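>>> sequence and predicted model, in that order:
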Amino acid sequence: MGKKTRDGAAEFDAYYLAIWKDRWPAIKASFELEKENVSLSDKLLQPYMLDEASMIVASALPIEEDDRVLDMCAAPGGKTLSLALRLSKHGILISNDRSPDRRIRLKNVIKDHLPEDIASKITVTGHDASSWCLYEKDAYDKILLDAPCSSERHVYNDLKYLGMWSPSRPKALAIKQYSMLSSALISVKPGGMILYSTCSINPKENEENIAKLFKKHPDEVEEIPLIDFNGERCSYGYRIMPDTSSGTGPMYCCLIKRIK
């Protein structure tokens, strides 16, 4: 007999059924709904359309006057636009993405959507987010870490990626995400804030990463509640799920303050 080939779709289904149990069929059905994207802001040179959940999460990072802000994994650029629009006259935004191709897209999004006086406050860089702390420490007032993730909705709707899926993928991503989160903690100033987010529905990539950070740094961090956030409360952070939010999402986020 020939070697049995792996069925990624079956593994994917079994894996997330074990996590979400009776809710999983409703989540899968919501993945198939067509997203109704919305325009980020009428202050842009032209509309930038994105999922409403992404817009809600991007706005959860409080930007104050003259903040120095880092967007650690910025491409394709929607959240960078949201941050840039809230910068004051003297605010600074570093928008980073390791991929050269994604940086090209990021630069084009900035150029095509932001007036020059706002775009001029942004510097695009290409570092590995997990080693950012080797370049700068205690350097930023606010950091957005929208981490690369399992993106299950995209995988579910793409037969190629679904067929290739294996449980090793979220495991490897969670490890990478945590290294980025640890780097962000070193790079943010004491008293500064990190907004950690993903578009994953996997607790390993979301609240379990935050729990790990709090366990390893119990005296250095605290969670900041998001008042009036339209999402489900997790053990740490919040999630917006498409089965309960008319098809928008999924998105997860947690706002963390570095105490010292």
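Okay, I see it.
>>> quick one, helices of this structure?
8-20, 24-31, 52-58, 78-85, 100-113, 116-119, 152-156, 159-164, 168-187, 207-216 (DSSP state H).
>>> can I get those in CSV including mean neighbour count and mean pLDDT?
Every C-beta, even on glycine, is put in place using the N, C-alpha and C of the backbone. Listed next are the helices of the chain as CSV, based on neighbours: other Cβ atoms under 10 Å; pLDDT from 0 to 100:
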stretch, mean neighbour count, mean pLDDT
helix 8-20, 16, 97
helix 24-31, 16, 98
helix 52-58, 23, 93
helix 78-85, 24, 95
helix 100-113, 16, 97
helix 116-119, 13, 94
helix 152-156, 20, 97
helix 159-164, 14, 94
helix 168-187, 19, 98
helix 207-216, 17, 98
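>>> now those as JSON lines including distance to G237?
JSON lines is the format used below for those (distance: least, Cβ to Cβ, whole Å):
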{"stretch": "helix 8-20", "distance to G237": "16"}
{"stretch": "helix 24-31", "distance to G237": "18"}
{"stretch": "helix 52-58", "distance to G237": "10"}
{"stretch": "helix 78-85", "distance to G237": "16"}
{"stretch": "helix 100-113", "distance to G237": "25"}
{"stretch": "helix 116-119", "distance to G237": "29"}
{"stretch": "helix 152-156", "distance to G237": "17"}
{"stretch": "helix 159-164", "distance to G237": "26"}
{"stretch": "helix 168-187", "distance to G237": "12"}
{"stretch": "helix 207-216", "distance to G237": "6"}
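>>> per-residue pLDDT, R6?
pLDDT for R6: 64.
>>> er, G2 actually
As predicted, G2 sits at a pLDDT of 39.
>>> how far away is the residue lying closest to N157 once chain neighbours are set aside from I201?
Distances taken as Cβ to Cβ, 6 or more residues apart in numbering place F31 nearest to N157, at 6.3 Å, with adjacent residues excluded. When distance is defined by Cβ to Cβ, to the nearest Å, F31 is 9 Å away from I201.
>>> give the residues shared as contacts by these two.
Common neighbours of F31 and I201, counting by Cβ atoms under 8 Å, 6 or more residues apart in numbering, are E152.
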